[in-house]
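Peer 1: Structure for the following, please:
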Amino acid sequence: MRLIPLPAVLLSLLLLPASPVAAQDISRNMPVPVLDLERYAGTWYEVAHLPMFFQRKCVSDTTATYTLQDDGTIEVRNACTTAKGKRIEALGVAQPVPGNPGSLRVRFAPKWTSWLPMTWAPYWVIGVDPDYRWAVVGGPDRDHLWILSRDPVMDAQLYATLVEQLGALGYPVDELVRGAQTLASP
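Peer 2: You can find the predicted model right below:
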């Protein structure tokens with residue numbers, strides 16, 4: 001009987017296609033080890049979020065659009081509709097954290113404040129669909145959370161699974177605010 005070296009076994013397991021259940025597994029509150037920023041770029045619809053001061057006026061159609069820039073940064077354009085029907089936007093910038101692909105730092109403050117540490121907030125992609133159809137963004141303190149989708153509406157079972165997994169990670173999922181979407185997919 002010939003023994004197969006352990007590294008070869010581990011490599012073969014990594015090459016197996018992921019099952020749909022495994023693709024939805026968010027088992028730790030850490031940035032994903034692989035994030036393709038080109039595939040992540042584009043428009044995302046907010047499915048749900050933890051209450052945040054800067055989103056207090058948003059009542060529907062919340063989107064986040066990420067655009068890669070030539071200097072390696074990412075333009076972040078968050079938009080939503082207020083109760084009065086006005087569309088508002090916030091423009092920011094994100095930077096990848098070297099050596100940690102799923103971790104970004106983001107700021108919405110003026111550029112001249114960039115040197116201040118408190119200007120930047122952690123932006124951890126803690127879960128992403130292999131086809132980049134949904135993503136979950138959190139952080140080390142579990143005080144911010146967004147569930148995002150490429151489509152205005154997320155499958156109810158997928159949403160329930162993600163919320164269950166996020167609750168198990170210590171996020172206060174009972175405080176999630178569901179996003180209402182009336183916009184059509186681009």
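Peer 1: got a list of contacts for the longest helix seen in the chain?
Peer 2: Ranked by number of residues, the top helix in the chain under DSSP state H is helix 156-168. Applying C-beta atoms under 8 Å, 6 or more residues apart in numbering, the external contacts of helix 156-168 come out as 24-27, 47-48, 127, 134, 136, 138, 145, 147, 173-174, 176. (C-beta placed from N, C-alpha, C; glycine too.)
Peer 1: Out of those, list just those in strands.
Peer 2: Among the contacts of helix 156-168, the members found in strands (DSSP state E) are 47-48, 127, 134, 136, 138, 147.
Peer 1: do you know how far residue 154 is from residue 135?
Peer 2: As defined by C-beta to C-beta, to the nearest Å, residue 154 lies at a distance of 11 Å from residue 135.
Peer 1: what do those two both touch?
Peer 2: In contact with both residue 154 and residue 135: residue 147, using C-beta under 8 Å, 6+ apart.
Peer 1: what bits of the protein have low per-residue confidence?
Peer 2: Applying pLDDT under 70 to the predicted model, the residue ranges of the chain that meet it are 1-25, 109-111, 113-120, 183-186.
Peer 1: mind listing the helices in this structure by residue range?
Peer 2: Chain-ordered helices for the chain, with DSSP H as the definition, fall at 6-15, 20-23, 37-40, 156-168.
Peer 1: Please compute how far the longest one lies from its chain's middle.
Peer 2: It refers to helix 156-168. For helix 156-168, the distance from its own C-alpha centre to the chain's C-alpha centre is 14 Å (C-alpha atoms, centre = their mean, to the nearest Å).
Peer 1: which residues touch the closest residue to residue 143 other than its chain neighbours?
Peer 2: Using C-beta to C-beta, 6 or more residues apart in numbering and skipping residues adjacent in sequence, the residue nearest residue 143 is residue 50, 7.1 Å away. The contact partners of residue 50, by C-beta under 8 Å, 6+ apart, come to 143-146, 171-172, 175-177.
Peer 1: residue contacts, residue 59?
Peer 2: 80-83, 180.
Peer 1: rerun that using 10 Å as the cut-off
Peer 2: For residue 59, the contacting residues are 80-85, 177, 179-180, by C-beta atoms under 10 Å, 6 or more residues apart in numbering.
Peer 1: Can I get stretch 124-134 in CSV, CA atoms only?
Peer 2: Once side chains and other backbone atoms are set aside, the C-alpha atoms of stretch 124-134 remain, and they are given as CSV (Å, rounded to 0.1, in the frame of the first residue of the first chain):
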residue,chain,number,x,y,z
TRP,A,124,-13.6,43.6,6.9
VAL,A,125,-15.2,41.5,4.2
ILE,A,126,-15.9,38.5,6.4
GLY,A,127,-17.9,36.6,3.9
VAL,A,128,-18.2,36.6,0.1
ASP,A,129,-20.0,34.4,-2.4
PRO,A,130,-17.6,32.6,-4.8
ASP,A,131,-19.5,34.3,-7.6
TYR,A,132,-19.5,37.6,-5.8
ARG,A,133,-23.3,37.7,-5.7
TRP,A,134,-23.4,38.6,-1.9
